[in-house]
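Student: Just a sequence and a predicted model for now, questions to come.
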Amino acid sequence: MGKKNQKKIVNPEHWFVQGVQLHGEGRLDEAVLLYQKVIQHCPNHAQALNNWGMIDHDQGLIDQAAARFRQALAIKPDFPEAMNNLASLLQQQGKLEEAQVLFLRAIQRNPEYMEAYFNLGTLYQALGQWDFAVDAFSKALKFQPNNPQILFHLGFAYQHQGQLNKAESFYRQLIKLQPQHLQALNNLGQVTLHLRQPDQTITYLRQLVALQPNFPEAWNNMGVAWDILERIYHAADCFETALEYQPNFPEALNNYGNLILKQGQPFLALEYYEQALCLNPEYVEALCNLGGVLHQVGRLDAALDMLQRARSLQPDFPSVHYNESMIRLLLGDYSLGFRQYEWRWLSKDFGPHHYGQPLWNGQPLPEATILIHCEQGFGDSIQFIRYVQQVIPLVGHVVLMCPDPLRRLFQTIPGVDVFISYFDPIPHCDCQAPLLSLPYLFGTTIETIPKVVPYLKPCPDAVVRFAQRLAHEKNAKIGLVWHGNPRQKNDRNRSMDPKHLIRLLDTPGCTFISLQTEDYDFNPNPFFRLPQFNDWTREFSDFADTAALITQLDLVISVDTSVIHLTGALGCPGWVLLPAVPDWRWLLDRSDSPWYPTLHLFRQSQPHHWEDVVERVIAQLHNWLAER
């Protein structure tokens, strides 16, 4: 007896399960055949259409993938996976609004859908909506706390928000899971660099370049970190390595220019900035730096052109305004210069001052207490402390915060209610003003500078001590300073090698007294064996002692340091030796100072040539001695 014909059993669900298994194994063509078979027998099988669309998408068949996802959603409108997949495809096509709607619908349908939260986060990231991106990634992370991809994107979002400590935390978590995650190591280097943790930056970036030497960005950032640590040769090696791997790397050229400029080579630095700008003419930071170096070499019009170009590209770039303020002030345009100088707190050279009281606007507040806080160098504080006398009539109480070496000197100022140092607790204050903001708040012009001197006085007991010591000195008593703080940014230009002064010390009828208070490890005193030279600076405890000695001298001759500011503030005669392009407060092309009526200025005729300055000082000194 023959066999009966048996009808073949049709089981689409079995084929679908097999297709999913093959799909997971990466056998995509075989999986597609099974999904097709499912659809032939069960046209409304939404999951098969969705999975087939995923394979189309992976194979670059974007339009076909979109059609299958839409078909799946037409069959099953509440299908979150299809919504998520179609939204991802639309995001890839730049159709972000439609994609956002679908991601949100997928999450509404399945509030525990990690992938949809993550993809929504990447969409917000593409839109630059970092708060929303952080929220979406954070929700995704709740479902998979150790997902490296989510940790990376969450760190990246916090980094762009400026919440660098949080960014660092998530990147660190990722590195624990994947120690060889190159981009996370690179981003950790960036974050720690911005957090001013250069040692950490170097640690992370060394790990990175050990894994992947050809990573120019890492070498560049490591160079910046070494530069912060003042390890000049290490920094140079890193910038050179970055440029070996990527010769046309504008950021590395710019940073190498910065390093070279610090080494006193402005013209070579200028070339590096120009190379960076040839590669990227709209590189604002390089334009700003080029403006700064053009200022330093005395090409002021060209410097202003560069800075105005930078400002037209990025009007809110703080260092552009700060650099321009230095030139405007040097040119005597105090109205614009002091206004732009207020950008200093946002520039990379300064950083915020962290005093939280409201900024005083210069208006009378008879019942209020104001905190006036000194800033920058000792000379800056000495020059601008004169403005406190203009504040006192306008505000009920004045609290003055100043460095300890100036405290005893400034306590001679009448009308200040409380003196504190940087380490003392701050009493309640209703408002605050940085000391060097006072010229702006009072609308200072060259004509309205408060120029009455003296506005500082020495301590009487110290005066007596030095008066007794000099009582029998018959020669002209001349104070001398040849070097400022070597850590000051422009010290290479303003200070001189003391050998240039040896001929000055041969002038008959003079006894020279050192006022050189800076660190002798940097500035050894070459005159200590000369009989006409005296050095009592080891006895100084602060600027009050320096002031007392200055008042007992006939003349002070000094480069641009705090001592010459103190001389002018005391109303004592002084001669200032200035570089060809001086600090802004000395202006240009004049031998007097509107800030200090008792000072006379001697300027270099060309950069770094002190010989001519000293010759003119010697000639003037002979005339001065003859007239005594």
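Tutor: Perfect, thanks for sending it.

Student: CA atoms for contacts and neighbours, from now on please.
Tutor: OK.

Student: Quick one: residues contacting the closest residue to W610 other than its chain neighbours.
Tutor: Distances taken as Cα to Cα, 6 or more residues apart in numbering place Q604 nearest to W610, at 6.4 Å, with adjacent residues excluded. Residues in contact with Q604 (Cα atoms under 8 Å, 6 or more residues apart in numbering) are L577, L578, P579, A580, W610, D612, V613.

Student: One more pass at 10 Å, please.
Tutor: Shown in contact with Q604 (Cα atoms under 10 Å, 6 or more residues apart in numbering): L577, L578, P579, A580, V581, P582, W610, E611, D612, V613, V614.

Student: Show the model's pLDDT score for the fourth one.
Tutor: Note on A580: pLDDT of 95.

Student: one step back: please report phi then psi for the residue nearest to W610.
Tutor: Here is the backbone geometry of Q604 (degrees, to the nearest 10): phi -60, psi 140.

Student: any idea how far R494 is from it?
Tutor: Distance of Q604 to R494, given as Cα to Cα, to the nearest Å: 10 Å.

Student: what is in contact with those two at once?
Tutor: The contact lists of Q604 and R494 share L577, L578, P579, A580, V581, P582, where a contact means Cα under 10 Å, 6+ apart.

Student: Just the ones of those residues in strands?
Tutor: L577, L578 (DSSP state E).

Student: The shared contacts of Q604 and R494: which two are farthest apart?
Tutor: L577 and V581 (11.6 Å; Cα to Cα).

Student: From H609, how far off is Q265?
Tutor: Taken as Cα to Cα, the span from Q265 to H609 is 15 Å.

Student: What of C374?
Tutor: From C374 to H609 the distance is 33 Å (Cα to Cα).

Student: and if you look at R172?
Tutor: 53 Å.

Student: Between these two, which is the more surrounded one?
Tutor: For R172 versus H609, neighbours defined as other Cα atoms under 10 Å are more numerous around R172 (19 against 15).

Student: if I look at the more buried one, how far off is N186?
Tutor: Counting by Cα to Cα - R172 and N186 are separated by 12 Å.

Student: Equivalent analysis for P80, please.
Tutor: 36 Å.

Student: same thing with T192?
Tutor: 10 Å.

Student: Same question for I413.
Tutor: 52 Å.

Student: Which one of these two is surrounded by more residues?
Tutor: Legend: neighbour count by other Cα under 10 Å for I413 and N186, higher for N186 (24 against 15).

Student: Remind me which helix or strand the more buried one belongs to.
Tutor: helix 182-194 (DSSP states H and E).

Student: Also Y596?
Tutor: Using DSSP H and E, Y596 falls outside every helix and strand.

Student: so the nearest residue to R616 once chain neighbours are set aside, which of the three states?
Tutor: Closest residue to R616 apart from its sequence neighbours, by Cα to Cα, 6+ apart: F602 at 7.8 Å. Put simply, F602 is strand when judged by DSSP: H, G, I helix; E, B strand; the rest coil.

Student: got a list of what F602 touches?
Tutor: F602 touches 559, 575-580, 590-592, 612-614, 616-617, counting by Cα under 10 Å, 6+ apart.

Student: can you pick the most crowded of these?
Tutor: Highest neighbour count within the contacts of F602, by other Cα under 10 Å: L577, with 27 neighbours.

Student: and the closest residue to it other than its chain neighbours, what does it touch?
Tutor: Closest residue in space to L577, ignoring its immediate chain neighbours: V559 at 4.6 Å, by Cα to Cα, 6+ apart. For V559, the contacting residues are 480-484, 494-496, 575-579, 601-602, by Cα under 10 Å, 6+ apart.

Student: let's see it at 6 Å
Tutor: Counting by Cα atoms under 6 Å, 6 or more residues apart in numbering, V559 makes contact with W482, V576, L577.

Student: need the strands for the stretch 251-400 of the chain, in chain order.
Tutor: 365-373, 395-401 (DSSP state E, counting those that start in this stretch).
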